[in-house]
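Chemist: turn this into a model:
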Amino acid sequence: MNSKKLAQVIRNIVKEEVRKEVKKSLTSFINENKTARAHTKVQEQQFTSNASLNEALNSTISEQEEWKTVGNFDASQARAGFAAMQSGFGPAQKAPVMANLNGVPVDPNTVDESVTKAITRNYSELVKRFK
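Modeler: The predicted structure follows:
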């Protein structure tokens with residue numbers, strides 16, 4: 001048996017085994033999901049005669065009941081949340097330290113001018129040429 005045939009046989013066997021395991025995993029996941037939904041179902045309402053649409057609307061309602069209210073939300077909380085999303089980068093924060101491939105800090109003044117120019121260059125015109 002040559003190596004190409006052996007590789008093809010191995011590929012087919014692996015493909016079949018992966019297919020079996022994926023099918024088994026998906027089946028168990030679906031069954032777990034169904035049992036979990038059966039235990040948490042609240043009284044379903046009849047919105048339309050379309051069963052799938054009705055199921056989607058009922059699941060939306062049951063998920064909304066689990067949501068918590070925000071409470072008193074003011075501007076200071078909004079600013080704090082926005083600052084957290086920015087990961088602390090703002091005008092009052094120090095600029096990040098430049099580092100080389102090994103993680104050693106590099107003084108920006110010692111970096112070659114051609115490298116700085118390449119990093120800070122506006123490449124939008126170049127990209128437009130390729131479109």
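
Chemist: for the protein, which spans come out with low pLDDT?
Modeler: The chain contains residues with pLDDT under 70 at 1, 37-43, 62-71, 87-96.

Chemist: closest to the centroid, which residue in it?
Modeler: When Cα atoms, centre = their mean is applied to the chain, the residue found nearest the centroid is residue 85 (15.7 Å).

Chemist: quick one: that residue from residue 58, how far?
Modeler: 34 Å (Cβ to Cβ, to the nearest Å). For glycine as for every other residue, the C-beta is placed from the backbone atoms N, C-alpha and C.

Chemist: and if you look at residue 3?
Modeler: Taking Cβ to Cβ, one finds residue 3 at 57 Å from residue 58.

Chemist: between the two, which has more neighbouring residues?
Modeler: residue 58 (17 against 7; other Cβ atoms under 10 Å).

Chemist: please, which helix or strand holds the more buried one?
Modeler: helix 51-65 (DSSP states H and E).

Chemist: the chain: helices as residue ranges?
Modeler: All helices of the chain, identified by DSSP state H, fall at 3-40, 51-65, 75-85, 113-120, 124-130.

Chemist: before we move on, back to that, got the angle for the helix holding residue 58 vs helix 3-40?
Modeler: 70 degrees (axes from the mean of the first three to the mean of the last three Cα atoms, to 10 degrees).

Chemist: now helix 51-65: buried residues?
Modeler: The neighbour-count check on helix 51-65 (16 or more other Cβ atoms under 10 Å) flags 57, 58 as buried.

Chemist: with just CA atoms, put it into CSV.
Modeler: In CSV, the C-alpha atoms belonging to helix 51-65 read as follows (Å, rounded to 0.1, in the frame of the first residue of the first chain):
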residue,chain,number,x,y,z
ALA,A,51,-46.1,27.5,16.0
SER,A,52,-42.4,28.5,15.4
LEU,A,53,-43.2,32.2,15.7
ASN,A,54,-45.2,31.6,18.8
GLU,A,55,-42.4,29.7,20.4
ALA,A,56,-39.9,32.5,19.6
LEU,A,57,-42.2,35.1,21.1
ASN,A,58,-42.7,33.0,24.2
SER,A,59,-39.0,32.4,24.6
THR,A,60,-38.4,36.2,24.3
ILE,A,61,-40.9,36.9,27.0
SER,A,62,-39.4,34.3,29.4
GLU,A,63,-36.0,35.8,28.9
GLN,A,64,-37.2,39.3,29.6
GLU,A,65,-38.5,38.2,32.9
